[in-house]
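> Curious how this folds, go ahead:
(chains A and B)
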Amino acid sequence: SAVISQKPSRDICQRGTSLTIQCQVDSQVTMMFWYRQQPGQSLTLIATANQGSEATYESGFVIDKFPISRPNLTFSTLTVSNLSPEDSSIYLCSSSSERGWETQYFGPGTRLLVL
Amino acid sequence: AQSVTQPDIHITVSEGASLELRCNYSYGATPYLFWYVQSPGQGLQLLLKYFSGDTLVQGIKGFEAEFKRSQSSFNLRKPSVHWSDAAEYFCAVGARDNFNKFYFGSGTKLNVKP
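Numbers count the residues shown, from 1 in each chain, chains lettered A, B, ... in the order given. Have a look, this model is predicted:
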């Protein structure tokens, strides 16, 4: 299984600023995913990030608000821009292992609080 | 449209009792099915998965799940719950025909009474 780390693990940000979250996988993977988990809610897919192509966003999520980079096969970043209190959530990245693409493995998440 | 329903928001069981968490899905074909567990302040840990074959799958920590196509269900079971099983459990469907995009249920919070 893939081992995934995220930075930062948590942050408190001011309204109107941005936060960039880093996701590192311990092996090369084709597909990486970004999710949002709002307080007391389930996970909602934000976008799929494939190396060498633009991220594919789900309905309700736009690139201007959630720009994503995928510079190589082990790393991705998600930026949450122009923060508002409604962005307070846990943000998780996931990836599939190259040997078992059907299964997603998750990072520990980044807890964001916007004041 | 794909969807996953976990009808029980909260469940409380006594330690040592058996457990069943329900999951129903809506998908046009046979999906990939998963159960994950999220402990407080933690990420999601994969408990078990179903792709094909034997409809009863075994996972980690003594959990098992049964795929029932006729009922579009994938219920999670454990014969004897331990206090450390208290957590939130998520059922997920992976779309075989759409880059394995995951759809998650709303989760079931499990409390374990001593």
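> Can you pull the residues of chain B lying near chain A?
Within reach of chain A by CB under 8 Å from any CB of the partner chain, chain B has these residues: B:32, B:34, B:36, B:42-46, B:49, B:51, B:90, B:94, B:96, B:99-102, B:104-107. In short, each C-beta sits where N, CA and C put it, glycine included.
> Just the element for the most centrally placed residue in chain A, please.
Nearest to the geometric centre of chain A sits residue A:34, at 3.4 Å (CA atoms, centre = their mean). In this structure, residue A:34 is located in strand A:31-37 according to DSSP states H and E.
> Can you name the residues in contact with that strand?
Here strand A:31-37 makes contact (CB atoms under 8 Å, 6 or more residues apart in numbering or on different chains) with A:23, A:25, A:43-50, A:66, A:68, A:70, A:76, A:78, A:89-96, A:101, A:104, A:109, B:99-100, B:102.
> Can you verify my assumption that residue A:39 contacts residue A:87?
No: taking contacts as CB atoms under 8 Å, residue A:39 lies outside contact range of residue A:87: 11.5 Å.
> So the two - more neighbours on which side?
residue A:87 (20 against 7; other CB atoms under 10 Å in any protein chain shown).
> Chain A: strands as residue ranges?
Applying DSSP state E to chain A gives strands spanning A:4-7, A:10-13, A:19-25, A:31-37, A:43-50, A:56-57, A:68-72, A:75-80, A:89-97, A:100-106, A:110-114.
> Which positions in stretch B:67-80 come out as buried?
Buried residues in stretch B:67-80, counted by 16 or more other CB atoms under 10 Å in any protein chain shown: B:67, B:73, B:74, B:75, B:76, B:78.
> wait, stretch A:88-105
A:88-97, A:103-105.
> repeat for stretch A:57-65
Quick answer for stretch A:57-65 (16+ other CB under 10 Å): A:57, A:58, A:61, A:65.
> Residue A:4: which of the buried residues of stretch B:67-80 is nearest?
residue B:76 (23.3 Å; CB to CB).
> Is the closest one in a helix, a strand, or coil?
strand (DSSP: H, G, I helix; E, B strand; the rest coil).
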